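>>> Everything below, folded, please.
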Amino acid sequence: MNIPSRLLLPCLFCVALTLTSGCANQPDAPKTAMVAAREIPLMELERVTANVPFIELKGHTDRITSAAFFPDGKKIVTASWDGTARLWDANTGEELSAITGLSGWHTSFSPTGRKIASRDAVPDAQDRRTSGTARVWDTESRKELYTFSGYFQTFSPDEKKLFTWEYTPNVQDLSVQVWDAELGEKLYTLPGMLSTSPFSPDGKKVFTSVASGTRVRDESVKVWDVESGKELYTLQGWVNTRPFSPDGKMIVTEVDRSWRIFGFVLSVNTNIHIWDAESGKLLHALPGGFIRTSPTFSPDGKKLVTRDAASARGRVVITGDGRKPSVLRIWDTDTGKELQKLEGHPDIVSHAHFSPDGKKIVVSTFAGRNYFHQVWDVESGKVFSSIAGFFCFSPDERHVLALVEDVCCVPGAVRIWDAELKNVLHVLPGQFLRISSDGKKIVTSNDDHTIRIWDLSAKVQTEEQIAEAPQEPAEQPISPLDLPPVFDEDLAAFRAQILAEERARELATIEEERNFVPLVENPEALIPMQPHHLWITPDRRHVVMNSRVVLREGFLELLACRVASKEHESILAVRVEPQLIHAALLVANARPGRPMQLSPVFVPASGDRIDITLRWLDETGTQHESPAQDWVWDMSVSPESAKQPMTTHWVFSGSRMRQDFDGNDIYEANITGELFGLSNFFGSVLDVPIRSTDDNTQLMFACFTERIPPLDTIVTIILTPVVE
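Sure, this is the predicted structure:
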C-alpha cells in the first residue's frame, strides 16, 4: 500500500467514528416543562362516541387510501387498494357506482365536481413500476373520458386544464404535461416537477421545481402562465408545495447553502426569500428556513413563520441527552421585520399551522409514534395549551378548532376538541381520512375496510345530560393499590441467577467472536475499521466482518441485522455499528445511491451492486463458502416442495438520514439495526433493488433451512462492490 492510501484510511475511519460516536461532553440544553396530554379513560370512549351519528359505507375489500367530498358535500368518492374507486351518496351511504379496472391509489373531484380524476398505483412491485396512468371520469355517467400517461394529476382552478407528470430517477429529466381537460389533447410541456398545490390563488400562475444538479435540493422554482404556458420568471431556491401567499401577492422559497459530505449536514446555512409574485423581484431575505418543506403563512398572508436553522438541523456529532428547544420566528411579510419569537418548544418542530382566525399557531413535533403540540398566542408569544396527537383545523370557524389525533390508549381514534382546547367534544374510532369543507363531517376508515361519515353538526346530548341520566350500578373494580405488597425472596434470587447466567453467556459469545479469525487469505494483513469485528482488505476491494447465525427457519425481512435488533427476522447478526459498514464501503470505492422511495410512486433502491459471500467452518473444521442468495428461499417463484434460492442482488442504497429530538442528523440504521435488507427499508445499508414489502402477509423470502449451518455458527461476511 502506498503512503497516500495509508494516510487516507485513518482519516476516513476518524470521520466515520466522529459521525457515529458523537460528543459526550456537550453541555445540557435548557430544560422545558411539557404539559401532559389530556387522556380519556377507556371506559368513557364508548359513551362519548355513541352520541355522534354516522353512516357506514360498505363495499371496499382492501385498505382505503383516500376520500374526497363533492364540492357541495352531497357525494363522496373513495379509493382503495382493491382496485376500485367508489362514488357514494354522502347523506345516505348508498353506493352510486364503482369504477373498476384501476388500482384506486388516489381520487379527487374537479373544482366543480363534474369530473373525477384518479391515478393508478398497484402495491405489487412490478405492476407499480409500470403503472402510472391518470384517468378522468364523468361524475354523472361514471364513464371514463380519457387517460394520460403520468401518475399525478391535478385540475387547474378553472377546470379547463389537467396537469400530469411522470417520475424518473434522474430528477433533471422530469417534465409536466398540460392537457385540455375537455378534449384530452396535449397543450404544452413544462420542465420540472409538479407539487400537490402548484397554483396561485387566482389560478393564473403555476410553479414547477426544476433540478439543476444531481440532488433534489439543487433546484430553482419556475413560475408559468397557466393560459399560455409561457415562463414568467425563475426564482432561486426550492419549495415543496404552496409557495404562494394566501393573497397571491408573494411567493416564498428556501435557499439552502448548507455544507454536506456523504449526505451528512455538517454546516447549516439556509435563508427564506420572499419574492413579488407579479414581477419575480426579491422583496426580503430572512434568516432561517421552512418549518418542514413549505412556507407557513397566516390566513391573511400578513405573517410568515420560519425556524432558526440550528433548531431543525444541528451538527451530526451532538448526541447528548439534553434537548435543545426549538426557536421559531414570526415575520411581517410586508416589511420583513420580526414580529415575534417563539422559544421553548421542547423538541424539533415538524409542522406549524395558524388557526383560521390567525390568532393562534399550533407548533407540532413527532415523538416516537405520536405527535405533541403546543398552541401559542400569536400576539403575546406565550404557550396557550399543550396536547398530544395529530391535528387539523376545521375549515368552518363556527366549529372553530377540531383537533384530530390517534389516541395513545385507543389506537385508531379521533378526538374533537372545543375552541379553547379545554374539553373533548367527541371521540371517534377509526383512522382519519378527510374533513368536509364546511367542517361538519369527518370521514374515518376501519380495519374491516368500511368507511364512516360522522355528522358533527347533529344535536347530541351534552356530557352533563349524559351524567344526569340514570346509570346501572357497576361493581367497583379492585385496584392493585388495594392489594398487600408481596415479596418472594426465592423468586428474586432465581431471577438474579437467570440474569447472571444470561450475562455470562453474552460475555462468552462476545469473547468468542473477538477471537475468531476472519476466514480470508492473509487475515493478519486486514486493515481494521472496528477492532475484532470489521476490516477492509489491503487492496480496498472487499469489506470483511464476522457474524453469527441466529435464525434458520421462518420468514425473512433481512439477511443480516445488528446484534440486539431484529434477530427474529434475520439469518445473521453482526456486532458492528451500521454507519461504520457504510464508511468501510466508501473506503472500498463503493458508490452509494438512494434508499427506495414509496411516494408518490415506488422507486427501487439504487447504488453500486454489492456481492455478499459467506464463509464458515463445519463441525470438522472444514471451510465452506456460499453466495448469500443460496441461504434465502424465494417464495415468490418457488413452492416449499421445490425451493429455489433468490437471484436478486443487493445495492449500496445507504440508510437515509433522520433527525433526533436535538435536531441532529443521524444514520437511521444506527437506530433500527437494519443492515442487509430483503424487505425494503429506508434504513437498510444494503437493499434489494426490487419491490419487496415488509407486510407479513406478503413476504417474498424465507430461510433456506437446508443450506444454513447450525445456530450460533460464526460466519465471515465478505462484501465486494461491483463497480460498473
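
>>> quick one: the strands in the stretch 601-724 of the chain?
Using DSSP state E, counting those that start in this stretch, the strands of the stretch 601-724 of the chain run over 609-617, 623-627, 632-634, 650-651, 657-659, 665-667, 674-677, 701-703, 714-722.

>>> looking at those strands, which is buried most?
Stretch with highest mean neighbour count among the strands of the stretch 601-724 of the chain: strand 674-677 (a mean of 27; mean count of other Cβ atoms under 10 Å). For every residue, glycine as well, the C-beta is placed using N, CA and C.

>>> hang on, the earlier thing: for the strands of the stretch 601-724 of the chain, which has the smallest mean pLDDT value?
Of all the strands of the stretch 601-724 of the chain, strand 657-659 carries the lowest average pLDDT, namely a mean of 77.

>>> which stretches of the stretch 551-700 of the chain form helices?
Using DSSP state H, counting those that start in this stretch, the helices found in the stretch 551-700 of the chain span residues 578-587, 669-672.

>>> returning to what we had before: how about the strands of the stretch 601-724 of the chain, which one is nearest residue 543?
Nearest to residue 543 among the strands of the stretch 601-724 of the chain is strand 714-722; the distance by Cβ to Cβ comes to 4.1 Å.

>>> still on that earlier bit, do you know which of the strands of the stretch 601-724 of the chain lies nearest residue 515?
Here strand 714-722 is closest among those (Cβ to Cβ), at 10.0 Å.

>>> What would the closest one look like as CSV? C-alpha coordinates only.
Written as CSV, here are the backbone C-alpha positions of strand 714-722 (Å, rounded to 0.1, in the frame of the first residue of the first chain):
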residue,chain,number,x,y,z
ILE,A,714,-19.8,-17.8,13.3
VAL,A,715,-19.8,-16.7,9.6
THR,A,716,-17.4,-14.4,7.9
ILE,A,717,-19.3,-12.0,5.6
ILE,A,718,-17.3,-10.6,2.6
LEU,A,719,-18.8,-7.6,0.8
THR,A,720,-17.5,-7.0,-2.7
PRO,A,721,-18.5,-3.8,-4.6
VAL,A,722,-19.2,-4.4,-8.3
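
>>> Just checking: what are the partner strands of it?
Partners of strand 714-722 in the sheet, by DSSP bridges, are strand 543-549 (antiparallel), strand 609-617 (antiparallel).

>>> could you redo these as a markdown table and give each row distance to residue 93?
Below are those laid out as a markdown table (distance: least, Cβ to Cβ, whole Å):
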| stretch | distance to residue 93 |
| --- | --- |
| strand 543-549 | 55 |
| strand 609-617 | 52 |
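
>>> wait, which of these is closest to residue 158?
strand 609-617 (49.3 Å).

>>> outside of that closest one, which residues touch it?
Residues outside strand 609-617 that contact it (Cβ atoms under 8 Å, 6 or more residues apart in numbering) are 519-520, 559, 585, 590, 623-629, 631, 649-652, 676, 686, 709, 713-722, 724.

>>> relative orientation of that strand and strand 623-627 in degrees?
160 degrees (axes from the mean of the first three to the mean of the last three Cα atoms, to 10 degrees).

>>> okay, strand 609-617 in CSV with CA atoms only?
In CSV, the C-alpha atoms belonging to strand 609-617 read as follows (Å, rounded to 0.1, in the frame of the first residue of the first chain):
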residue,chain,number,x,y,z
ARG,A,609,-24.1,-3.6,-6.7
ILE,A,610,-22.6,-5.4,-3.7
ASP,A,611,-21.9,-9.1,-3.8
ILE,A,612,-22.2,-10.9,-0.5
THR,A,613,-20.1,-14.0,0.1
LEU,A,614,-20.4,-16.2,3.3
ARG,A,615,-17.7,-18.4,4.7
TRP,A,616,-17.9,-20.8,7.7
LEU,A,617,-16.4,-23.9,9.3
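
>>> got the angle for it vs helix 578-587?
Here strand 609-617 points in a direction 110 degrees away from that of helix 578-587 (the same axes, to 10 degrees).

>>> what's the burial count for residue 222?
18 (other Cβ atoms under 10 Å).

>>> Using the three-state scheme, assign it.
For residue 222, the assignment made with DSSP: H, G, I helix; E, B strand; the rest coil gives strand.

>>> Hmm, residue 206 and it touching each other?
No: the pair residue 222 / residue 206 is not scored as a contact, 9.4 Å apart, by Cβ atoms under 8 Å.

>>> Find the residues that touch each one of those two.
Contact criterion Cβ under 8 Å, 6+ apart; residues shared by residue 222 and residue 206: residue 190.

>>> Residue 362 is in contact with residue 355, isn't it?
Yes: using Cβ under 8 Å, residue 362 makes contact with residue 355 at a distance of 7.3 Å.

>>> hmm, back to that, how about the helices of the stretch 551-700 of the chain, which one is nearest residue 307?
Taking the helices of the stretch 551-700 of the chain one by one with Cβ to Cβ, helix 669-672 is closest: 23.2 Å.

>>> Give me the contact list for the closest one.
For helix 669-672, using Cβ under 8 Å, 6+ apart, the contacting residues are 20, 562, 565-566, 577-579, 582, 655, 658, 675, 681, 683-685.

>>> Residue 700: which of the residues you listed is nearest?
residue 681 (13.8 Å).

>>> Helices of the chain, start to end?
3-21, 42-49, 125-130, 309-312, 463-468, 489-515, 578-587, 669-672 (DSSP state H).

>>> Provide a list of residues in contact with residue 455.
52-54, 440-441.

>>> Can I get the residues you listed in JSON lines including distance to residue 506, neighbour count and pLDDT?
Rendered in JSON lines, the data for these read as follows (distance: Cβ to Cβ, whole Å; neighbours: other Cβ atoms under 10 Å; pLDDT from 0 to 100):
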{"residue": "52", "distance to residue 506": "53", "neighbour count": "18", "pLDDT": "78"}
{"residue": "53", "distance to residue 506": "58", "neighbour count": "13", "pLDDT": "84"}
{"residue": "54", "distance to residue 506": "53", "neighbour count": "20", "pLDDT": "87"}
{"residue": "440", "distance to residue 506": "59", "neighbour count": "18", "pLDDT": "79"}
{"residue": "441", "distance to residue 506": "56", "neighbour count": "21", "pLDDT": "84"}
